[in-house]
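S.K.: Show me how the following folds:
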Amino acid sequence: MVILFGTNMASAAFPDSDVGYWTGIAFLVVCGLNMPTMLLQGGLTRLLSFPHFIWVPLVLYLYSRLFGVDALPAGPARPYAVAVLLVNSISLLFDLLEAYRWIRGDRRVLGIAD
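M.R.: Below is the predicted model:
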């Protein structure tokens, strides 16, 4: 979670870049949804995976900016876009599993013994 949080929070270092702007917006929306959810749930639950699906459009956008016709030029935003694309894509794979488990009924607070 530290890598995920740090990578997305680093968007503040790229305020003049579309990559930084859209990553920052997605990060704020995810945090804005997950923080109250975490408080209401009494800790970390698999329900927190659902807001991460907001990253799907971000990942698609970053992919198009890295490999599309209008690719990002060389510069600091390009390696940052690669990092966000990789970290958020890996996170989304875990989120699919966590969301599936939550839908199937596993709604316990993680890290708390039964």
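
S.K.: Touching, Phe27 and Ala10? I think so.
M.R.: No: using C-beta atoms under 8 Å, Phe27 is not in contact with Ala10, being 9.4 Å away. Every residue, glycine included, has its C-beta placed from N, CA and C.

S.K.: Show me which of those two is the more surrounded one.
M.R.: Under the neighbour definition other C-beta atoms under 10 Å, Phe27 and Ala10 were set side by side, and Phe27 has more, 23 against 16.

S.K.: So what's the residue count around the closest residue in space to that one that isn't next to it in sequence?
M.R.: Excluding its sequence neighbours, the residue lying closest to Phe27 (C-beta to C-beta, 6 or more residues apart in numbering) is Asn8, at 4.1 Å. Look at Asn8: counted by other C-beta under 10 Å, it has 23 neighbours.

S.K.: Contacts only, for Asn8.
M.R.: Listed by C-beta atoms under 8 Å, 6 or more residues apart in numbering, the contact set of Asn8 reads Thr23, Gly24, Ala26, Phe27, Val30, Val84, Val87, Asn88.

S.K.: mind listing what the closest residue to the fifth one other than its chain neighbours touches?
M.R.: Going back to what we said before, that points to Val30. Closest residue to Val30 apart from its sequence neighbours, by C-beta to C-beta, 6+ apart: Pro51 at 4.8 Å. Pro51 makes contacts with Val29, Val30, Leu33, Asn34, Thr37, as judged by C-beta under 8 Å, 6+ apart.

S.K.: Quick one: mean pLDDT over the helix or strand harbouring the fourth one.
M.R.: In this structure, Asn34 is located in helix 18-41 according to DSSP states H and E. Summarised as a single mean, pLDDT over helix 18-41 is 95.
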